[in-house]
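1. sequence plus the predicted model coming up.
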Amino acid sequence: MSAAEAAVRGRARSAVALVAAAVALALGAAGCGSVDPPAAHHDWPLPNGDLANTRRVSGPIDASSVAQLGLAWMHPMQAGVTATPAVVDGVVYAQDMASNVYALDLRSGRLLWEHDYASVDNGPNGVSVGDGRVYGTTSEIAFALDQRSGRELWRRSLIRKPDEGIDMAPGYHDGTAYISTVPAIGGVISTLWALDGATGRVRWRWEQVPRSLWGKPEVNAGGGMWHPPAFDEHGGLYVSVANPVPWPGTPEMPWGTSRPGPNRWNNSIVKLDEATGRFLWGTQVLPHDVYDWDLQCPVILARAGGRDVAITAGKMGFAYAFDAADGRLLWKRSVGLHNGHDDDNLAAMRGDLSVFRYGERILPGDWGGVQTQLASDGRTVYVPVNNLYVVYHGQELPTQQNLMAGTGEVVALDVASGRVEWDRRLPHSVYGAAAISSDVVFTTTYEGTLWGLSTRTGAVLWKTALPAGSDGPAAISGDTLLTGAGIRLRPEQSVQLLAFRLGAGGAPR
């Protein structure tokens with residue numbers, strides 16, 4: 001297994017293995033997700049751009065200008081890049097997979113400060129910026145840095161057991177940072193922590209699975225989040241909760257039989273009260289998961305059909321929309337390749353293990369489906385998909401696949417109905433999420449290509465080769481697009497953060 005493959009493998013298994021100013025927040029939080037074009041702005045303070053996680057801005061990069069993008073600068077990183085950069089007031093804040101944080105001048109790429117943690121993290125990690133502070137995590141702690149100097153202001157350990165970790169970027173809203181832990185093996189009860197942004201003091205916590213751990217706490221664990229919450233304007237906080245463990249099972253208790261029942265709230269979308277952590281509603285989309293099919297993508301908030309809707313997707317290869325008021329499922333859409341195993345979890349929950357055959361290809365695999373963040377312009381949601389199978393030969397974790405063998409898609413779905421508007425097939429897996437500038441949706445593919453597609457038709461408007469492989473999502477600030485080339489697929493490649501700008505004449509090398 002190569003280091004590059006290990007980076008993506010670690011992220012795909014992260015649930016198992018381990019603003020800026022008020023003006024920027026207001027731009028992101030308009031309603032539960034306005035369908036009107038957002039105001040053009042230059043900040044991307046949160047991991048997914050705004051409070052609704054839309055990963056969308058308007059600005060000068062559009063279908064008529066995208067061909068003018070050229071390389072403005074590159075900055076070397078000490079470790080791989082799986083996180084979306086943040087941008088506030090002309091400064092880029094980025095984190096690598098050793099948890100180190102960098103502040104760079106947006107126009108020149110000049111390093112302003114660097115705070116090293118040298119703590120390996122599976123990712124996706126990253127930072128949020130707000131109220132003069134940069135919030136981040138290592139695999140064990142949450143921290144806040146001074147936005148201007150990089151000086152550490154506070155740190156708090158959130159780990160209570162050796163097999164508990166953190167691999168997400170913090171969410172941030174209204175003076176509070178939100179961080180979840182993830183489990184590795186038995187006994188871990190993944191927890192969402194709400195921390196005071198100024199001091200790190202715990203305001204509340206929500207345990208995502210029952211303390212009983214379905215009767216076998218020495219074996220079972222569950223929950224975990226990969227990405228920050230979405231926030232509506234009424235005090236609601238929305239999260240996607242990942243998979244239970246062990247998966248697929250143990251030799252003595254195969255296919256999840258150590259954890260009978262649906263295993264709530266794994267593979268669920270959950271709404272909490274932002275101020276108190278009080279549970280408001282939850283909807284489980286995949287009970288009794290046996291294939292590591294996390295519902296791990298961040299929730300996007302939008303408005304359709306006269307109601308506020310919450311949209312998410314996961315490694316099971318489905319996208320879902322829910323009524324934000326009560327969690328009722330509005331639509332469910334299969335994306336990518338499936339080969340008849342979508343309901344194996346339900347058979348296992350009933351005790352029928354006859355559906356399982358070792359040596360058979362399973363699609364989606366646990367490195368396939370929807371691995372990374374969606375984006376939405378309010379009318380359409382853009383879903384990055386990976387087609388990569390897995391084979392089980394026993395109850396141990398499956399053998400690492402060659403990630404270069406996967407193919408990808410970006411699928412455009414109507415927000416109101418889930419109808420497929422277009423489906424752009426790509427030659428390699430899409431681990432670089434989706435990000436929108438005006439009428440162009442960007443993504444990266446594993447072998448190292450940055451793509452710009454028409455939001456209207458899916459046509460390829462622009463693409464460029466990156467200096468290394470990529471599983472790094474893009475951020476967009478005005479005329480500049482930022483992304484990472486964070487996977488060394490060949491010895492001569494180096495890990496870089498890149499800035500592409502309209503009118504710049506450079507090209508990656």
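-> In hand now; what should we look at?
2. confirm Ala347 sits in a strand?
-> No: counting by DSSP: H, G, I helix; E, B strand; the rest coil, Ala347 is not part of a strand but helix.
3. residue contacts, the closest residue to it other than its chain neighbours?
-> Distance criterion Cβ to Cβ, 6 or more residues apart in numbering; nearest residue to Ala347, sequence neighbours excluded, is Val355 at 4.6 Å. All C-beta atoms are positioned from the backbone trio N, CA, C, and that covers glycine. Applying Cβ atoms under 8 Å, 6 or more residues apart in numbering to Val355 gives the contacts His341, Asp344, Ala347, Ala348.
4. go on, Pro473?
-> Here Pro473 is in contact with Arg55, Ala83, Thr84, Pro124, Thr372, Gln373, Gly432, Ala433, Ala434, Ala435, Thr444, Thr483 (Cβ under 8 Å, 6+ apart).
5. which of the residues you listed fall within strands?
-> Judged by DSSP state E, the subset of the contacts of Pro473 located in strands is Ala435, Thr444, Thr483.
6. now render those residues as a markdown table, adding pLDDT and neighbour count.
-> Converted to a markdown table, the ones in strands among the contacts of Pro473 look like this (pLDDT from 0 to 100; neighbours: other Cβ atoms under 10 Å):
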| residue | pLDDT | neighbour count |
| --- | --- | --- |
| Ala435 | 98 | 28 |
| Thr444 | 97 | 32 |
| Thr483 | 98 | 27 |
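7. give me phi/psi at Ala63?
-> Ala63 has phi and psi values of phi -60, psi -30 when expressed as degrees, to the nearest 10.
8. separation between it and Ser438?
-> Distance, Ala63 to Ser438, by Cβ to Cβ, to the nearest Å: 7 Å.
9. what's the answer for Pro254, then?
-> For Pro254, the distance to Ser438 - Cβ to Cβ - is 50 Å.
10. and Pro251, by the same measure?
-> Taking Cβ to Cβ, one finds Pro251 at 54 Å from Ser438.
11. list of residues touching the host helix or strand of Phe442?
-> Element membership for Phe442, per DSSP states H and E: strand 440-445. Applying Cβ under 8 Å, 6+ apart, the contact partners of strand 440-445 are 61-63, 66, 375, 382, 384, 408, 410, 426-436, 450-455, 461-462, 466, 470-474, 476, 481, 483.
12. partners of it, with directions?
-> With DSSP bridges as the test, strand 440-445 is paired with strand 435-437 (antiparallel), strand 449-454 (antiparallel).
13. with distance to Leu104 as extra columns, can I get these in TSV?
-> Below are the strands paired with strand 440-445 laid out as TSV (distance: least, Cβ to Cβ, whole Å):
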stretch	distance to Leu104
strand 435-437	18
strand 449-454	18
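14. relative to Gly215, which of those strands is closest?
-> Shortest separation from Gly215 across the strands paired with strand 440-445 is recorded for strand 435-437, at 43.0 Å, computed as Cβ to Cβ.
15. who touches that closest one?
-> Strand 435-437 has contacts (Cβ under 8 Å, 6+ apart) with 49, 54-59, 61-62, 84, 375-377, 382, 441-443, 455, 473-476, 481.
16. what's the first helix or strand after the helix or strand of the chain with the lowest mean pLDDT?
-> Least confident helix or strand, the chain: helix 22-29 with a mean of 31, by mean pLDDT, DSSP states H and E. Remark: after helix 22-29, the chain's next helix or strand is strand 56-57, criterion DSSP H and E.
17. measure stretch 294-310 end to end?
-> Length of stretch 294-310, first residue to last, Cα to Cα, to the nearest Å: 17 Å.
18. mind listing what's buried in that stretch?
-> Within stretch 294-310, the residues that qualify as buried are 294-304, 308-310, counting by 16 or more other Cβ atoms under 10 Å.
19. ok, stretch 197-212 next?
-> For stretch 197-212, a neighbour-count test (16+ other Cβ under 10 Å) marks Gly197, Gly200, Arg203, Trp204, Trp206, Gln208, Val209 as buried.
20. and stretch 90-102, by the same measure?
-> Neighbour-count burial for stretch 90-102, counted by 16+ other Cβ under 10 Å, picks out Val91, Val92, Tyr93, Ala94, Gln95, Asp96, Met97, Ala98, Ser99, Asn100, Val101, Tyr102.
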